[in-house]
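Trainee: Build me a structure from this.
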Amino acid sequence: MPEGDILRRTATRMDEALAGRVLVRADLRWPTAATVDLVGRTVLGTVPYGKHLLTRFDDGRTLHTHLRMDGSWRIARTGSPGAVAGSPVVRAVLANSTWTAVGELLGMLDVLPTRQEHTLIGHLGPDILADDFETDGIPEVLRRWADQGSTPVCEVLLDQTVLAGIGTIYMAESQFLEHLWPWTPADQVPDPVRLLRVARALMQRSVTTDLPTSTGDVTRGRGSWVHSRRGEPCRRCGTPIRRGTARRPPQERPVFWCPRCQPAAVGGGRTPREPSD
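Mentor: Next up, the predicted model:
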């Protein structure tokens, strides 16, 4: 699932193409929004929050979308073959006279009054990439973190109601850089603030660096430290990377870690479940 850094980059591309321009075409191929008419509306901008996108219009409405696992927004020049948007995977089309934004395989789509955005995202924790994260976000995350007790830290980082924007990539990468065993109980993490800042720095680098968005280019442009590298040698010590699982079905997520660089605390945390695949 795309994480907060990809949502930021997507929002920037949408703003460059749509913000301040009047829509000449708007097609929402979603059962609950199929009759919504946005033609003639001016796009004010697209704001990311965690893994959500909020595209706001001058009439006080917002188009809320979530990419889920396979969704994306792509930009094509209006009138070009890429702007036709005839594929059955297309869920939304927003176009002005110059650019067309095509939403494919979107996982969620809603149109609602902008003043009611909180009904969709109000339950989420602070956005790790928000400008005010250091001043306002971290104290609120720590408050929510304290409520998690002995929940494994890998699961707390994935909990969007604690912290919005992190997924499996930056959960794994930040824990590796902090030498933290993923199943360490949250209330035993030595320095949660430092862990949060490491994850935020990695994501900020992705937002500002012109790199492909694949897992292989997560950090420093040379590939991830541990994510999606099961069985490959650790870049630090050479130990084969292992893969475990966070959460329980149907919400399980993969967790990659180095057993030497991230040793388990004696008698602490749960035993990681390693899938056979």
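Trainee: pretty sure W225 is touching Q175, no?
Mentor: No - under the criterion of C-beta atoms under 8 Å, W225 is not in contact with Q175, lying 9.6 Å apart. The way it works is simple: take the backbone N, C-alpha and C, and place the C-beta from them, glycine included.
Trainee: Please identify which of the two sits among more neighbours.
Mentor: Q175 (29 against 24; other C-beta atoms under 10 Å).
Trainee: I'd guess that one is in a helix, am I close?
Mentor: Yes - under DSSP: H, G, I helix; E, B strand; the rest coil, Q175 sits within a helix.
Trainee: contacting residues around it?
Mentor: Shown in contact with Q175 (C-beta atoms under 8 Å, 6 or more residues apart in numbering): 153-154, 157, 181-182, 195, 257, 262.
Trainee: mind redoing it with 10 Å?
Mentor: If a contact means C-beta atoms under 10 Å, 6 or more residues apart in numbering, then Q175 has 153-154, 157, 181-184, 189, 195, 198-199, 225-226, 255-258, 261-262 as its contacts.
Trainee: Next step: those restricted to helices.
Mentor: Among these, the members found in helices (DSSP state H) are 153-154, 157, 195, 198-199.
Trainee: and the residues you listed as a markdown table, adding distance to G4?
Mentor: Shown next, in a markdown table, are the ones in helices among the contacts of Q175 (distance: C-beta to C-beta, whole Å):
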| residue | distance to G4 |
| --- | --- |
| V153 | 18 |
| C154 | 17 |
| L157 | 12 |
| L195 | 16 |
| V198 | 14 |
| A199 | 10 |
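Trainee: Reformat those as TSV; add neighbour count, distance to V36 and pLDDT.
Mentor: Shown next, in TSV, are the ones in helices among the contacts of Q175 (neighbours: other C-beta atoms under 10 Å; distance: C-beta to C-beta, whole Å; pLDDT from 0 to 100):
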residue	neighbour count	distance to V36	pLDDT
V153	27	41	97
C154	28	39	97
L157	27	36	98
L195	21	42	98
V198	19	41	98
A199	26	36	97
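Trainee: now for those residues, which pair is the farthest apart?
Mentor: The span of the ones in helices among the contacts of Q175, defined through C-beta to C-beta, is set by C154 and V198 at 14.3 Å.
Trainee: What pairs with the host helix or strand of W73, parallel or antiparallel?
Mentor: Element membership of W73, judged by DSSP states H and E, is strand 72-77. Sheet partners assigned to strand 72-77 using DSSP bridges are listed as strand 99-104 (antiparallel).
Trainee: State the mean pLDDT of the strand it pairs with.
Mentor: Confidence for strand 99-104, expressed as mean pLDDT, is 98.
Trainee: where are the low-confidence patches of the stretch 51-200 of the chain?
Mentor: Applying pLDDT under 70 to the stretch 51-200 of the chain flags no residue at all.
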